[in-house]
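Peer 1: Build me a model from this:
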Amino acid sequence: MKKICLLVFITMLCYCVKSQHINNGEYFFDTDPGPGNGFPIGSIINGDTVNFSKNISVSGLGLGYHLMYVRLRSDNGIWSLPDSRLIIVYDTLNVLPQLLSHAPPLKKCEYFFDNDPGSGKGISFYIPNWPDTINTLRAISIAGLNKGFHLLYTRIQDSSGNWSMIESRLFTVIDTVEPINVVPVQSSRLVKYQYRFDTITNPVYTIAFNQADSVNALLSIPVSSLSEGMHKIIFSLLDLAGKKSFPDVQLFKVCSSLPDAPVINGNTILNICYGASVTLSATSAFGSSIVWHGPNGYISTAANITINSINAFNTGNYYAHSVTGSGNCDTSTAAFITVNGNASPTAHNLTITGSSTFCSGDNIRLNTMPQNGYSYRWLFNEVNTANNSDTLNSLQVTINGTYNVRVTNTYGCSVLMHDTSIALSAPPVTGMIAGKSNVLINAIQNYRVTNTPGSSYHWFVYNGIIKNGNGADSISVEWSSSIGSAYIKLVETNAAGCNGDTITLAINLLGIVLSVNPTHILALKSGSNTIVNIICNNTWTASSGQPWILLSKLSAIGNDSINVTILPNPTFVIRSAIITFSSGLFTQYLTVSQNQTLSDSLSLSADTIFVPYAGNNRNVGVYSNRNWTVSSNQSWALVNTPNGSGNSSFYVYTPNNTGAERSGLITVMAGSVTKIIYLLQRSNSSAVLNNLKDDIKYIRVYPNPSSSSVTVTSNKFDITEIKLYDITGQIVYKLNIHQTQEFIADLSGLPNGIYFMHVTDEKGFINIIKIVLTK
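Peer 2: Take a look at the predicted model:
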């Protein structure tokens, strides 16, 4: 027996100024059948919140992974967006490990912002070694995004080509990063709500509450200062340390008053034929307008609405709300009309008695299937026949033309039977035009249709020139040099001189896209291999002109990548070159530099930086034979550039410190070499901070490196306090000492690594020593 490995719990909340209750729900697997067509959940008690569990059958589903979707409907007929959960269907518990072990490994990841371009069309990167899980940290550019809130989406593709569901995260784009004071605290319990309306520049309001590890509360928040209409509240929690949670954003509507419900004009139950149209009308309360809501997300702001082409998806209840004010506030109750659909007779071909080709003097009788209680009205060239007595199920034809009959059933629903042409050959049925619809400007492309013997073909091209083939079933088109829209139109004429329908193919004229990444390679003397990614929508070529640069591919079409091999440098001189990528008239360059030394090298002008509470800029020299990056683990410690190349420098900026003494790390990486700079900034009340490299000679710590404990001695002043910080800036050891000039600190409980010991003496001087623990 199949089992489902997920017990489904569903909780959905509705937030709005005017309450709307949930009264229905459904679920479905893998493919959306449309709102209202899933499996019903069952009885739901009307309310703003629904929380229930339910055993769900998975009979009919194949073994393996499936997606289960759930959505709810409000009492005004509006369906929510579906929520999804991944499930696994298996025969027995013993099969589950085998099922999981056969899951294909992960191959590629892609991401995009705000709008989904479609699977495989995001910004992608490949996953090395094809693992079963992925946990990666990656810097993502937000260039081009406007300030404010955005959604970052990610999804993963496995080696079988299957894409995962989308994972999203909300983030905010701002001009600068606000400094965050890092203050050691003893607790991270929650103490305050913080919120603002609409934008991050608006005033911030706080609501304090008793300390708690978690909060579940109903708040009354005044909105009297807000204008009518839609707003959003940006909501966060603060803990004792002043740390703020990631903001949650909710939309809501502000209304000054609610109008009375509208009045339905006419009958409230309508029986309409499928395919027909119906107009619904309602009168709103004084000073208000109408908003209609209907099946499958229908919405309209007109007082009188027309529902075209009645079918199974647009029949049901249509609710009319009165709306007033600039905020479009509507009634809590609505008037509604029920629209029922009725099927029309089935259309079919007419039968012909006599000749199928009309000739002068011939008599032809057209017939349709007789039905008890049905009525018939014949049409000649889409107009009612002149003889109103032509109401039988057959018609005598005496002149050439196109005939049809409208058949009406007992419900009053009618349908036109299929046209029958007399004395005219049937027009040709032209197939779709085959050929590229997305083409480059100035390109020459071929287009064709399936040939019908005896037919001729009349082509028309907009924004291009027909080079050859007009009159035949294929043509060659030279497109214009302007980026934009174009099209091809075709009319086929058969051997009897009858024209077919005009067939149109829309064309997008595109410019050439060409980019390469990276744009610079810095290689060692021993050589290197670098993957270069090319993004292009055309044929491209690559060349270097240097024998010591090998390219794995010299040309391709579309997006691709090549391996650039730099051979060892036999000289002791730096050498450089340019790799040229070309597509049409577009060119991109990749610069190459090769060092004359054998290995990665990196040195810095400082490994420790001490700054006063007032803050300043400290310059750091970088000496390397590679490209290098620099980063800070503290938001208050800013670097002026994220990367550099060769011998250069960067500076560290620290703003005024209005809180306690704080520390951080600056990390510099060049190839395989990493260097860390320890950064300490005093508070306004800190003791004098001394630099060991200058005048501090009387403090000694040994052994260093150590495996368990170190001895701290002073030959000048007594020691009063010892603090030990790890490389993240957290205090991991602290001890107040009765005045002494020698003390043994037991560090055996700490893991291997680099630490910074702050030794305070009786004069209030703070002396900092770097300690290495190895076991």
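Peer 1: Count the residues that sit near Ile22.
Peer 2: The local packing of Ile22 (other Cβ atoms under 10 Å) involves 20 other residues. Where C-beta positions appear, they are placed from N, C-alpha and C, glycine not excepted.
Peer 1: I meant to write Thr641 there.
Peer 2: With other Cβ under 10 Å as criterion, Thr641 counts 11.
Peer 1: Same check on the one 4 residues further on?
Peer 2: With neighbours defined by other Cβ under 10 Å, the count for Ser645 comes to 15.
Peer 1: In contact with it, which residues?
Peer 2: Taking Cβ atoms under 8 Å, 6 or more residues apart in numbering, we find Ser645 in contact with 520, 522, 626-628.
Peer 1: closest to Trp636 among these?
Peer 2: Trp628 (22.9 Å; Cβ to Cβ).
Peer 1: Now the closest one. Nearest residue, chain neighbours left out?
Peer 2: Among residues not flanking Trp628 along the chain, Ala670 sits closest, at 3.9 Å (Cβ to Cβ, 6 or more residues apart in numbering).
Peer 1: now Asn308
Peer 2: According to Cβ to Cβ, 6+ apart, the nearest residue to Asn308 is Ser277 (4.8 Å).
Peer 1: What of Thr420?
Peer 2: Leu350 (4.6 Å).
Peer 1: Mind pulling up the pLDDT for that neighbour?
Peer 2: At Leu350, the predicted lDDT confidence score is 79.
Peer 1: The residue nearest to Asn308 reaches Ile310, doesn't it?
Peer 2: Yes - Ser277 lies in contact with Ile310 (Cβ atoms under 8 Å); the separation is 7.1 Å.
Peer 1: that older thread, which among the contacts of Ser645 count as buried?
Peer 2: 522, 626-628 (16 or more other Cβ atoms under 10 Å).
Peer 1: Is the residue nearest to Trp628 bridged to anything, and to what?
Peer 2: Note on Ala670: beta-bridge partners Trp628, Val673, judged by DSSP bridges.
Peer 1: What distance do you get for it to Asn595?
Peer 2: 11 Å (Cβ to Cβ, to the nearest Å).
Peer 1: Check Asn468 too.
Peer 2: Applying Cβ to Cβ to Asn468 and Asn595 gives a distance of 57 Å.
Peer 1: Same drill for those two, tell me which one is more crowded.
Peer 2: Higher neighbour count among Asn468 and Asn595: Asn595, with 21 against 10, using other Cβ under 10 Å.
Peer 1: how about that one, what does it touch?
Peer 2: 522-525, 569, 574, 625-626.
Peer 1: Next one: the most centrally placed residue in the chain from Trp163, what distance?
Peer 2: The centroid of the chain falls nearest to Tyr153 when counting by Cα atoms, centre = their mean (3.6 Å). Distance of Tyr153 to Trp163, computed by Cβ to Cβ: 12 Å.
Peer 1: Share the number of residues neighbouring Ala334, please.
Peer 2: 21.
Peer 1: circling back to that earlier point, next one: the residue nearest to Trp628, what pLDDT does it get?
Peer 2: Reading off the model, Ala670 has pLDDT 87.
Peer 1: doesn't Ser601 make contact with it?
Peer 2: Yes - counting by Cβ under 8 Å, Ala670 does reach Ser601; the two are 7.4 Å apart.
Peer 1: list the residues that contact both of these two?
Peer 2: 624-626.
Peer 1: tally of neighbours for Asn317?
Peer 2: Counted with other Cβ under 10 Å, Asn317 comes out at 15.
Peer 1: what about it, which SS state?
Peer 2: Of the three states, Asn317 takes strand under DSSP: H, G, I helix; E, B strand; the rest coil.
Peer 1: That one and Ile337: what is the separation?
Peer 2: 7 Å.
Peer 1: cool, and Leu679?
Peer 2: Distance from Leu679 to Ile337, by Cβ to Cβ: 71 Å.
Peer 1: May I have the helix or strand harbouring His66 exported as CSV, CA atoms only?
Peer 2: When elements are assigned from DSSP states H and E, His66 belongs to strand 64-74. These are the backbone C-alpha positions of strand 64-74, laid out as CSV (Å, rounded to 0.1, in the frame of the first residue of the first chain):
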residue,chain,number,x,y,z
GLY,A,64,8.8,9.1,-6.2
TYR,A,65,8.6,12.9,-5.7
HIS,A,66,5.4,14.9,-6.1
LEU,A,67,4.2,18.4,-5.3
MET,A,68,1.0,18.8,-3.3
TYR,A,69,-0.7,22.2,-3.5
VAL,A,70,-3.4,23.7,-1.2
ARG,A,71,-5.4,26.9,-1.6
LEU,A,72,-8.4,28.5,0.3
ARG,A,73,-11.4,30.6,-0.8
SER,A,74,-12.9,33.6,1.0
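Peer 1: Buried residues, it. List them.
Peer 2: 66, 68-74.
Peer 1: Can you tell me which of these is nearest Pro104?
Peer 2: Using Cβ to Cβ, the buried residues of strand 64-74 come closest to Pro104 at His66, 16.3 Å.
Peer 1: Send me stretch 716-726 as CSV with only the CA atoms.
Peer 2: Presented in CSV, the C-alpha positions along stretch 716-726 are these (Å, rounded to 0.1, in the frame of the first residue of the first chain):
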residue,chain,number,x,y,z
LYS,A,716,56.7,47.0,35.7
PHE,A,717,53.1,47.2,36.9
ASP,A,718,50.7,44.7,38.5
ILE,A,719,48.2,42.9,36.3
THR,A,720,44.5,43.5,37.2
GLU,A,721,42.5,41.9,34.3
ILE,A,722,42.9,39.4,31.4
LYS,A,723,40.5,39.1,28.4
LEU,A,724,40.8,36.8,25.5
TYR,A,725,39.0,37.4,22.2
ASP,A,726,38.5,34.9,19.3
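Peer 1: Going forward, the N-terminal residue is numbered 782.
Peer 2: Yes, from this point I'll number from 782; that puts the last item at stretch 1497-1507.
Peer 1: so Arg1481 touches Thr1494, yeah?
Peer 2: Yes - using Cβ under 8 Å, Arg1481 is in contact with Thr1494, at 4.9 Å.
Peer 1: What segments of the protein are helices?
Peer 2: 876-882 (DSSP state H).
Peer 1: what about the residue nearest to Trp1409, how many neighbours?
Peer 2: Ala1451: 24 neighbours (other Cβ under 10 Å).
Peer 1: With Asn896 instead?
Peer 2: Other residues close to Asn896 by other Cβ under 10 Å number 7.
Peer 1: what residues are shared contacts of Ala1451 and Asn1376?
Peer 2: Common neighbours of Ala1451 and Asn1376 (Cβ under 8 Å, 6+ apart) are 1406-1407.
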